[in-house]
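A.B. asks: Generate coordinates for the sequence data below:
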Amino acid sequence: MEQFSELCNTVFNRCVADYHIYNNVDQSFSDPYPEESFAWHLYKKCWIDCVQWHLEDIIRKPDIDPLEALAIKRRIDRSNQERTDLVEYLDTLLAERYSTVEVREDATLNTETPAWALDRLSILTLKIWHMKIEADREEAPLEHREKAAGRVALLQRQQCELSLAIDTLIKEIEGGTKRVTSYRQMKMYNDPTLNPILYKNR
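C.D. replies: Just a heads-up that it's a prediction; the model follows:
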């Protein structure tokens, strides 16, 4: 039986590879998985991460025009909100999936939800991809490449450990020893009814 994390890592790896075919923050998005399937949402979430990763790079250009930087910052804010909403929706889907599980009276809670752990797993996929580029960059000094290669190995170990932790959490949820819950982020800065800078100037 396929482990839960194996499916997620497969989707994330495919998404990161697909994004870097063109490597453009404005390229069109096409999800290859069946619409509204769990994998479809995972791919969409990872695509958001890919675009935002590169927006964060662009905004750090030393000679960037301030107006362009402001536009990118606003775009990153929107992306963060979309990412948060999608992660919380993934938790909702998982809660529905395991809603019929008989939860034991002594069941405990986890410090983070499955979907927020998947958020970290998606980012790890991106980190490994880009760190491998640095490890293989021929024009870079040998010391730089060796240091990057060491970081690749560390990131891959973290990826394996996080995958195992996610699979363990899912098994505990399936067995009723962990309760499924959602930790809502309640971001306020994008909400015109909650951010005083926005509602005081309306």
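A.B. asks: Could you use CA atoms for every contact and neighbour count after this?
C.D. replies: Will do.
A.B. asks: show me where the chain has helices.
C.D. replies: Counting by DSSP state H, the chain has these helices, from start to end: 4-22, 38-58, 66-97, 114-135, 142-174, 196-199.
A.B. asks: So which of the ones you listed is nearest residue 105?
C.D. replies: When the helices of the chain are compared by C-alpha to C-alpha, helix 142-174 sits nearest residue 105, at 13.0 Å.
A.B. asks: contacting residues around the least confident helix or strand in the chain by mean pLDDT?
C.D. replies: Within the chain, judged by mean pLDDT, DSSP states H and E, the helix or strand with the poorest mean is helix 196-199; its value is a mean of 77. Under the contact criterion C-alpha atoms under 8 Å, 6 or more residues apart in numbering, helix 196-199 has outside partners 192, 193.
A.B. asks: Report pLDDT for the residue nearest the centre of the chain.
C.D. replies: Nearest to the mean C-alpha position of the chain, by C-alpha atoms, centre = their mean, lies residue 119 at 3.3 Å. Listed pLDDT for residue 119 reads 98.
A.B. asks: show me where pLDDT drops low in the chain?
C.D. replies: By pLDDT under 70, the low-scoring segments of the chain are 1-2.
A.B. asks: roughly how far is stretch 67-78 from the heart of the chain?
C.D. replies: In terms of C-alpha atoms, centre = their mean, to the nearest Å, the centre of stretch 67-78 is set 20 Å apart from its chain centre.
A.B. asks: And stretch 135-146, by the same measure?
C.D. replies: Relative to the centre of its chain, stretch 135-146 is centred 27 Å away, using C-alpha atoms, centre = their mean.
A.B. asks: Pull out the buried residues from that stretch.
C.D. replies: By neighbour count with 16 or more other C-alpha atoms under 10 Å, stretch 135-146 contains the buried residues 135, 145.
A.B. asks: what do you get for stretch 155-171?
C.D. replies: Residues of stretch 155-171 classed as buried by neighbour count (16+ other C-alpha under 10 Å): 155, 156, 159, 162, 163, 164, 166, 167, 169, 170.
A.B. asks: Likewise for stretch 32-48?
C.D. replies: Of the residues in stretch 32-48, those with enough neighbours to count as buried (16+ other C-alpha under 10 Å) are 39, 41, 42, 43, 44, 45, 46, 47, 48.
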